[in-house]
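Participant: Here is the input, now give the coordinates:
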Amino acid sequence: MNDLDALLALLTPEGRALLDEVRDTDPARELAVATRLRREHPAALVSAALGQARLRQRAAAKFGAGDAGRMFFTPNGVEQSTRASVAAYRASRLADLGVTSVADLCCGIGGDAVALARAGIRVLAVDRDPATAAAARANAEALGLDELIEVREADVTEVDTNGYDAVFVDPARRGGRGRIFDPEAYSPPLSWAVQAARTAPRAAALKVAPGIPHEAVPADAEAEWISDGGDVKEAVLWFGTAPGAVRATLLPGPRTLLGTGLPDPEVRTPGRYLYEPDGAVVRSHLVAEVAARVGGGLLDATIAYVTADELLPTPYATAYEITDRMPFNVKRLKALLRERGVGTLTVKKRGSAVEPEELRKKVRPQGPNAATVFLTRVAGAPTMLIGHPAR
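Facilitator: Next comes the predicted model:
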């Protein structure tokens, strides 16, 4: 049974009842549950229901257990869909811009369409894959948003977006060999998405990989990197907002750091505190803005660790108090940790080829205390900095 047939079967009364029955199935008990249910239901339907239950369990991390338990997913849909918190933030930005209708191109299973509709925005959700479009339609209905969301199975390059205030494009960034890093190899290509964005009457947003080269950002776009809980989730190119602006946005919050065009910070000797900028700050090349906020400089010209003499808390970086500094030397580190009774060791690295787990095995930390070791470079020299989160 292919993805579309499985989804359509699950939308029948028998399929929905079966989904309810297997909702909380422990993966370890799947075989026993499947054997029992196949006595009363078609084997293919039982497999589809158990597969959907697994997808819903995976999707809970992105959508929350409440929504995920009612939604319908494809394997690719779970993997590639936007986290609900990020989608809600983007929808709120569009609503604040006065957008009342959006053409959501490459809508996937409808995660962004749901967020837009919940912000009061009318949505045309388009995807060319039949199973994916069917899942988006089922999700709009399951969440009571089908009056605001129209789902269309079509090639987005052939869809007329006239009559919509804004365009949102989320091109496919995975192929048969995994992630696609060349924006022109997206489906559709970034150049097509940019042209579609420029025709939008009020605003447009293009979701791109967070590793997009800054030189690939069009001059008339605003570039925003978004992290959620410290993990970088995506970058967005905005049109109709602030051309040339760069921002890092941290969720929950949101907290937004705007670029001011500061030059790279100077390299200086390590101070008492080390600041680890959020990944969105690093990706957006706004480490200089963080350094200016804390009165700090860089440990090394090529590494995004900021050092300073004072503790000036900022939401855009995590601060650590450094107690020890030494050249990279596993034996010396092991002796120091034993002396301090460190049993819980957090290993962080930037600019080092050493794998954290490899180092942890070599030093074998034991004891009641905790510490953080940074494997990095100071003015080009491999260095270990030991400390703890600043209080």
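Participant: Got phi/psi on residue 384?
Facilitator: The phi/psi pair for residue 384 (degrees, to the nearest 10) reads phi -120, psi 130.
Participant: Which strand residues bridge it?
Facilitator: For residue 384, the beta-bridge partners under DSSP bridges are residue 326, residue 375.
Participant: Please name the residues that touch it.
Facilitator: With contacts defined as C-beta atoms under 8 Å, 6 or more residues apart in numbering, residue 384 is in contact with 324-329, 333, 373-375. All C-beta spots, glycine's among them, are computed from the backbone N, C-alpha and C.
Participant: change it to 6 Å
Facilitator: Going by C-beta atoms under 6 Å, 6 or more residues apart in numbering, residue 384 touches 326, 328, 333, 373.
Participant: next one: residue 321
Facilitator: 273, 387, 390.
Participant: Return the subset of the residues you listed lying in strands.
Facilitator: Of the contacts of residue 321, the ones assigned to strands by DSSP state E are 273, 387.
Participant: Just the buried subset of the contacts of residue 321, please.
Facilitator: Using 16 or more other C-beta atoms under 10 Å as the burial test, the contacts of residue 321 include 273, 387 as buried.
Participant: export the contacts of residue 321 to a markdown table and tack on distance to residue 245?
Facilitator: A markdown table is the format used below for the contacts of residue 321 (distance: C-beta to C-beta, whole Å):
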| residue | distance to residue 245 |
| --- | --- |
| 273 | 30 |
| 387 | 35 |
| 390 | 31 |
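Participant: Relative to residue 47, which of the contacts of residue 384 is nearest.
Facilitator: Using C-beta to C-beta, residue 373 is the member of those that lies nearest residue 47, at 47.6 Å.
Participant: Does the closest one lie in a helix or a strand, and which?
Facilitator: Per DSSP states H and E: residue 373 is located in strand 369-378.
Participant: for that strand, packing partners?
Facilitator: On a contact count with 3 or more C-beta pairs under 6 Å, 6 or more residues apart in numbering; DSSP states H and E, strand 369-378 meets strand 342-349, strand 381-389.
Participant: can you give me the angle it makes with strand 381-389?
Facilitator: Relative orientation of strand 369-378 and strand 381-389, computed by axes from the mean of the first three to the mean of the last three C-alpha atoms, to 10 degrees: 150 degrees.
Participant: what about strand 369-378, distance to the chain center?
Facilitator: Relative to its chain's centre, strand 369-378 lies at 26 Å (C-alpha atoms, centre = their mean, to the nearest Å).
Participant: tell me the average confidence for that strand?
Facilitator: Mean per-residue pLDDT for strand 369-378: 96.
Participant: That one vs strand 342-349, what angle?
Facilitator: Angle, strand 369-378 to strand 342-349, by the same axes, to 10 degrees: 30 degrees.
Participant: and stretch 266-281, how far apart are its ends?
Facilitator: End-to-end distance for stretch 266-281, by C-alpha to C-alpha, to the nearest Å: 18 Å.
Participant: Tell me which residues are up against it.
Facilitator: Residues outside stretch 266-281 that contact it (C-beta under 6 Å, 6+ apart): 225, 227, 232, 248, 250, 287, 290, 294, 297-298, 301, 304-309, 311, 316-322, 325.
Participant: List the buried residues for it?
Facilitator: Within stretch 266-281, the residues that qualify as buried are 267-268, 270-271, 273-281, counting by 16+ other C-beta under 10 Å.
Participant: Quick one: mark the members of these that sit in strands.
Facilitator: Secondary structure from DSSP E places 273-277 of the buried residues of stretch 266-281 in strands.
Participant: Distance to residue 382 and pLDDT for those - can I get that in a markdown table?
Facilitator: Listed next are these as a markdown table, based on distance: C-beta to C-beta, whole Å; pLDDT from 0 to 100:
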| residue | distance to residue 382 | pLDDT |
| --- | --- | --- |
| 273 | 21 | 98 |
| 274 | 16 | 98 |
| 275 | 20 | 98 |
| 276 | 18 | 98 |
| 277 | 21 | 98 |
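Participant: Kindly indicate which of those residues lies nearest residue 113.
Facilitator: Residue 113 lies nearest to residue 277 out of those, by C-beta to C-beta, at 32.9 Å.
Participant: give me phi/psi at the closest residue to the closest one other than its chain neighbours?
Facilitator: Of all residues not flanking residue 277 in the chain, residue 317 sits nearest, at 4.5 Å (C-beta to C-beta, 6 or more residues apart in numbering). Main-chain dihedrals, residue 317, degrees, to the nearest 10: phi -160, psi 150.
Participant: coming back round to it: and which of the contacts of residue 321 is nearest residue 90?
Facilitator: Using C-beta to C-beta, residue 390 is the member of the contacts of residue 321 that lies nearest residue 90, at 32.4 Å.
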